[in-house]
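Trainee: below are the sequence and a predicted model for it; my questions follow.
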Amino acid sequence: MTSLKQVLEDVRTQCDVESRLRVDPVGIVRSFEDPRDREIVGLVAAGMAFGNVKTIRRKVEELLAIVGPSPHAQADDGVALRKRLAKFRHRVFRGDDLARLMIGARVVQKKHDTIGARFATLYREKSELREALATLCDEIREGGDLKTRGTRRGPAHLLPDPRAGSGVKRLLLYLKWMIRPDDGVDLGDWRGIPTRALLIPVDTHIHKLSRNLSLTDRADTSWKTAEEITAGLAQFDRDDPTKYDFSLCHMGMLQRCPSRRDPKRCEGCPVMPMCRHWARSSHR
């Protein structure tokens, strides 16, 4: 029987990456040449990445059309940027939330040359991903005065606190984009952080597929669940387990992976022989 590792590798090599980039928000991030723009646009695009991917892509493009061709330079004038984005809306986010996110990210850039350089320093100091990421978020939040005011949850949802226990899927997606080597999808702009330290970004699709493949038994999408799924994938590549995020995400979207046997939806799924709903034999 074909191993799960082989299936995941095959999905990565056989997927039409160019077509994927045309609909995925990371394709927008890759369109910028200046690394300062890429890391700010990446943070914004990842922060907005929940819901329908086509809508996300369209709204990120709409926001950047308002911001202009050099987002990092525009973020230097916080008052003007907030005014420019005042009428922008996307789900629970207001334009002011996104402007403050960009302003805070730019503050970190100006203090440390790049956000990536600051994160690498924090990772060395904290010796673990979660606290380094939480501290970086604190600094961005403070730099842009991105604080929850009243009952609105937009700012807290845009830049959540990893210490709270959530899987912070969108923040982990951002780290993966910036840290993993350039493979046509991820950018590889940030140095000094080992790829083995990254965690898989867990959304409902990844979670359901991972449970079906016995990569986790956990019923939530918490930080612990992300750690458990990543540990399962590390059996196939200890140094770069999150490279399989692309394959899992692609399969999850194509198959709309169910929580039970579903002959119609499961038909043609390459991992069906390894799924707990279809086979009892080990996939490892």
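Mentor: Structure received. Residues are numbered from 1 along each chain as shown.
Trainee: pretty sure R91 contacts G51?
Mentor: Yes. Judged on Cβ atoms under 8 Å, R91 makes contact with G51 at a distance of 6.6 Å. Backbone N, C-alpha and C define where each C-beta goes, glycine included.
Trainee: worst-scoring helix or strand of the chain, pLDDT-wise?
Mentor: Across the helices and strands of the chain, mean pLDDT, DSSP states H and E gives its lowest value to helix 245-255, namely a mean of 73.
Trainee: which helix or which strand is home to the residue lying closest to C249 once chain neighbours are set aside?
Mentor: Nearest residue to C249, sequence neighbours excluded (Cβ to Cβ, 6 or more residues apart in numbering): I206, at 6.4 Å. Assigned by DSSP states H and E, I206 belongs to helix 204-212.
Trainee: so which elements touch that helix?
Mentor: helix 223-233, helix 245-255 (3 or more Cβ pairs under 8 Å, 6 or more residues apart in numbering; DSSP states H and E).
Trainee: can you give me how far that helix is from the chain middle?
Mentor: 16 Å (Cα atoms, centre = their mean, to the nearest Å).
Trainee: quick one, it and helix 223-233 angle?
Mentor: 60 degrees (axes from the mean of the first three to the mean of the last three Cα atoms, to 10 degrees).
Trainee: in TSV: the helices and strands packed on helix 204-212, plus distance to R276.
Mentor: Output for those, formatted as TSV (distance: least, Cβ to Cβ, whole Å):
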stretch	distance to R276
helix 223-233	13
helix 245-255	15
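Trainee: please convert those helices to JSON lines, extending it with mean neighbour count and distance to P155.
Mentor: Output for the helices and strands packed on helix 204-212, formatted as JSON lines (neighbours: other Cβ atoms under 10 Å; distance: least, Cβ to Cβ, whole Å):
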{"stretch": "helix 223-233", "mean neighbour count": "21", "distance to P155": "21"}
{"stretch": "helix 245-255", "mean neighbour count": "20", "distance to P155": "27"}
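Trainee: V17: which of those is closest?
Mentor: helix 245-255 (8.8 Å; Cβ to Cβ).
Trainee: contacting residues for F119?
Mentor: The contact partners of F119, by Cβ atoms under 8 Å, 6 or more residues apart in numbering, come to A132, L133, L136, L175, W190, I193.
Trainee: the second one: neighbour count?
Mentor: It stands for L133. 23 (other Cβ atoms under 10 Å).
Trainee: helix, strand or coil for the spatially most central residue of the chain?
Mentor: Compute the mean C-alpha point of the chain, and by Cα atoms, centre = their mean the closest residue is L173, 1.5 Å away. Judged by DSSP: H, G, I helix; E, B strand; the rest coil, the three-state class of L173 is helix.
Trainee: test my guess that it contacts A49.
Mentor: Yes. L173 is within contact range of A49, at 6.4 Å (criterion: Cβ under 8 Å).
Trainee: centre of the chain to the helix or strand following the least confident helix or strand of the chain, how far?
Mentor: Where DSSP H and E defines the elements, the next helix or strand beyond helix 245-255 is helix 263-266. Here helix 263-266 is found 28 Å from its chain centre; the criterion is Cα atoms, centre = their mean.
Trainee: which parts of helix 263-266 are buried?
Mentor: Residues of helix 263-266 classed as buried by neighbour count (16 or more other Cβ atoms under 10 Å): C266.
Trainee: repeat for stretch 31-45
Mentor: Those would be F32, P35, R36, D37, R38, E39, I40, V41, G42, L43, V44, A45, for stretch 31-45 by 16+ other Cβ under 10 Å.
Trainee: again with stretch 167-187
Mentor: For stretch 167-187, the neighbour count (16+ other Cβ under 10 Å) marks 167-180, 185-187 as buried.
Trainee: just stretch 16-26 next, same as before
Mentor: R20, L21, D24, P25, V26.
Trainee: quick check: longest helix of this protein.
Mentor: helix 95-112 (DSSP state H).
Trainee: after it, which helix or strand is next?
Mentor: helix 115-126.
Trainee: now find how far off-centre that next one is within its chain.
Mentor: The answer for helix 115-126 is 18 Å, by Cα atoms, centre = their mean.
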